[in-house]
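Trainee: pasting the sequence and the predicted model now:
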Amino acid sequence: MATVIDGRALAKQLNQTTSNRVKTLQERFGITPGLVVIIVGDDPASQRYVRNKNRTATRLGINSTVKQLPKDTTEEALLALIEHYNADPAIHGILVQDPLPDQINEKDITRAILPEKDVDGFHPINVGKLYLNDTTQYPVSCTPKGIMTMFSEYGISLKGKNAVMIGRSAIVGKPMAALMLNQGASVSILHRYTKDITEYTKQADIIVSATGHLHTLTKEAVKEGAVVIDVGQNINEAGHLVGDTDYDDLVNKVAYITPVPGGVGPMTIATLMQQSVDLAEWSIQSDK
């Protein structure tokens, strides 16, 4: 029987640490970490996610601002707003919620956010530092960073392990692969053009799946004692929220597994809060 990695419990611990760090910043430096989340349009899933972020940030003592813009907002207007927050010393982290409407180029928006305020870790400069395994301080994509915290807290070493990343998105797949590589794993990135993913997964010690497709990983496709991290969020045939993997079958075969819900999801938001405080602390160091 697998050890179930409890993302909710870990997120609660991380949030408590983040709250304590906020209080320290306020008491020692008179600084409250500032986070602004910009949302364009009225996508229901985005609205719900932003509300959760704002609620958590406020609870932890972070100065959280949500800037709601209409769906017909121009790219020029959004860039001007980002520039405003780039120049605001009270704002340490800027996040522009996906998806963006068609008239706005997402890459232009990502590049417009100052690297030192890029709380999502998506700016090309920060991505480059990650791939170079740079030793300086920089933000990293929150979901992969949260997964690395899971590995650390559960004593799961990556050094010398065969790791598989299913999915190659810029948000999860690529940064996750880089983080595992930086920790000494041999990493394979699988995607829609991979002819047979089981050729890799059957040999893997660690598997991270972020495809958004049901039944991506079955028990026949993994070896005994593997570690399975499920990033997927899907609705199954019964209308329930589930991941990419066949959890009920895998839980009796693997060594560690994350549930959906209650696994990676809570850690993503907790890591966003953690990184908001990181940026505030780093801003103090850069001012010295």
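Mentor: Noted; the coordinates are in hand. Numbering: from 1, shown residues only.

Trainee: contacting residues for the residue nearest to residue 263 when sequence neighbours are not counted?
Mentor: Spatial nearest neighbour of residue 263, chain neighbours left out: residue 7 (4.3 Å); criterion: CB to CB, 6 or more residues apart in numbering. For the C-beta atoms, the positions are set from N, CA and C on the backbone; glycine is no exception. Counting by CB atoms under 8 Å, 6 or more residues apart in numbering, residue 7 touches 146, 150, 258, 259, 262, 263, 264, 265, 266, 267.

Trainee: show me the shaky parts of the stretch 151-288 of the chain.
Mentor: 287-288 (pLDDT under 70).

Trainee: give me the beta-bridge partners of residue 68?
Mentor: residue 39 (DSSP bridges).

Trainee: how far is stretch 177-186 from where the chain is centred?
Mentor: 16 Å (CA atoms, centre = their mean, to the nearest Å).

Trainee: what about it, start to end distance?
Mentor: 9 Å (CA to CA, to the nearest Å).

Trainee: what does it contact?
Mentor: Contacts for stretch 177-186 (CB under 8 Å, 6+ apart): 130-131, 133, 140, 144-145, 147-148, 151, 158-163, 165, 168, 187, 189, 206, 208.

Trainee: how about 7 Å then?
Mentor: With CB atoms under 7 Å, 6 or more residues apart in numbering as the test, stretch 177-186 has contacts from 130-131, 133, 144, 148, 158-163, 165, 187, 189, 206.

Trainee: which ones among these map onto strands?
Mentor: Counted as lying in strands by DSSP state E, out of the contacts of stretch 177-186, are 162, 163, 165, 187, 189, 206.

Trainee: I'd like those residues as a markdown table, with neighbour count and distance to residue 59 appended.
Mentor: Shown next, in a markdown table, are the ones in strands among the contacts of stretch 177-186 (neighbours: other CB atoms under 10 Å; distance: CB to CB, whole Å):
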| residue | neighbour count | distance to residue 59 |
| --- | --- | --- |
| 162 | 17 | 40 |
| 163 | 25 | 34 |
| 165 | 32 | 32 |
| 187 | 21 | 36 |
| 189 | 18 | 36 |
| 206 | 22 | 33 |
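
Trainee: domain ranges for this protein?
Mentor: 30-115, 142-265 (automatic domain parsing).

Trainee: residue 271 should be in a strand, yeah?
Mentor: No - looking at residue 271 with DSSP: H, G, I helix; E, B strand; the rest coil, it is helix, so not inside a strand.

Trainee: count the residues that sit near it.
Mentor: 28 (other CB atoms under 10 Å).

Trainee: again, but for residue 225
Mentor: 11.

Trainee: how close does it sit to residue 156?
Mentor: As judged by CB to CB, to the nearest Å, residue 225 and residue 156 stand 12 Å apart.

Trainee: same deal with residue 37?
Mentor: 31 Å.

Trainee: more neighbours: which of the two?
Mentor: residue 37 (23 against 18).

Trainee: in a helix, that one, correct?
Mentor: No - if the criterion is three-state DSSP, then residue 37 is strand and not within a helix.

Trainee: what about stretch 252-269, start to end distance?
Mentor: 29 Å.

Trainee: now it: buried residues?
Mentor: Residues 253-260, 262-269 are the ones in stretch 252-269 that count as buried (16 or more other CB atoms under 10 Å).

Trainee: which residue is the nearest non-sequential neighbour of residue 14?
Mentor: Using CB to CB, 6+ apart, the nearest residue to residue 14 is residue 270, at 4.4 Å.

Trainee: right, and that neighbour touches residue 11 too?
Mentor: Yes - using CB atoms under 7 Å, residue 270 is in contact with residue 11, at 3.8 Å.

Trainee: pull the residues that contact the strand or helix carrying residue 286.
Mentor: Residue 286 is part of helix 264-287 when elements are defined by DSSP states H and E. With contacts defined as CB under 7 Å, 6+ apart, helix 264-287 is touched by 7-8, 10-11, 14-15, 18, 21-22, 25, 29, 31, 33, 35, 52-53, 56-57, 60, 62, 92-93, 116-117, 119, 137, 139, 142-143, 145-147, 149-150, 229-231, 258.

Trainee: of these, keep whichever come out buried.
Mentor: Applying 16+ other CB under 10 Å to the contacts of helix 264-287 flags 7, 10-11, 14-15, 18, 21-22, 25, 31, 33, 35, 53, 56-57, 60, 62, 92-93, 116-117, 119, 139, 142-143, 145-147, 149-150, 229-231, 258 as buried.
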